[in-house]
Each structure stands twice: as C-alpha cells, then as structure tokens.
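Peer 1: Give the three-dimensional model of this entry:
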Amino acid sequence: MLIQKIAGVSLPAALRRFTYAQQAGVTTLVTSGAYIADLASTDPYNRLHRHQRLPDIAAALPGARLLSLPSARHRTLAVLAV
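Peer 2: Predicted coordinates for the structure are as follows:
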C-alpha cells in the first residue's frame, strides 16, 4: 500500500513491484469476493491462478499474511512467502 502511494501506481502494479523485488519466492494476490482478482508470483511451485475460486482464503492459505482492503467489493490482499 505504501509503494502504491509513493509511486502513484495502481494496486496491481504495486504488488508486482513488491513481488519481483523479493529475493525469495513470494506470491501476492488480491481477491474480489471468493475469487483471485490479481496475482503476481516468483514462486516456481505456485499452484494459484487468476480467477481461481477461494471460498475461505484463510483456510486455503494458512501461511499467508492477510489484509482486508476497505472497499465495497470485499477485497483481501494476501502475501505468501516460501
């Protein structure tokens, strides 16, 4: 979120910048309701894909750091590190 504000870019662009700047395998994603709306990954074993359904993101990704984004579309930001 800070990268987005400083760089003046969209949230998907900020997530890609964050993800691709990491040394280790990282996956970042934004959900819209129960679906993955956007995804960036440097993890070669990532099994997630855009538009995938995740009814319960906390149960599906137990190791992820989750942040609920304030919006009318029930969006969640998730970061997974290898």
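Peer 1: Let me see the ranges of the helices in this protein.
Peer 2: Here the chain has its helices, by DSSP state H, at 2-7, 11-20, 57-60.
Peer 1: With respect to burial, which of the ones you listed scores highest?
Peer 2: helix 11-20 (a mean of 17; mean count of other C-beta atoms under 10 Å). Yep, even glycine has a C-beta here, placed from its N, CA and C like the rest.
Peer 1: Report the backbone C-alpha coordinates of that one in CSV.
Peer 2: Output of helix 11-20 as CSV, limited to C-alpha atoms (Å, rounded to 0.1, in the frame of the first residue of the first chain):
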residue,chain,number,x,y,z
LEU,A,11,-2.6,-1.7,-6.6
PRO,A,12,-1.8,-4.5,-9.1
ALA,A,13,1.3,-2.6,-10.3
ALA,A,14,2.5,-2.0,-6.7
LEU,A,15,2.0,-5.7,-5.9
ARG,A,16,4.1,-6.7,-8.9
ARG,A,17,6.9,-4.3,-7.9
PHE,A,18,6.9,-5.7,-4.4
THR,A,19,6.8,-9.3,-5.5
TYR,A,20,9.5,-9.1,-8.2
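Peer 1: what does it rub up against?
Peer 2: 1, 3-4, 7, 9, 26-30, 38, 40-42, 69, 77 (C-beta atoms under 8 Å, 6 or more residues apart in numbering).
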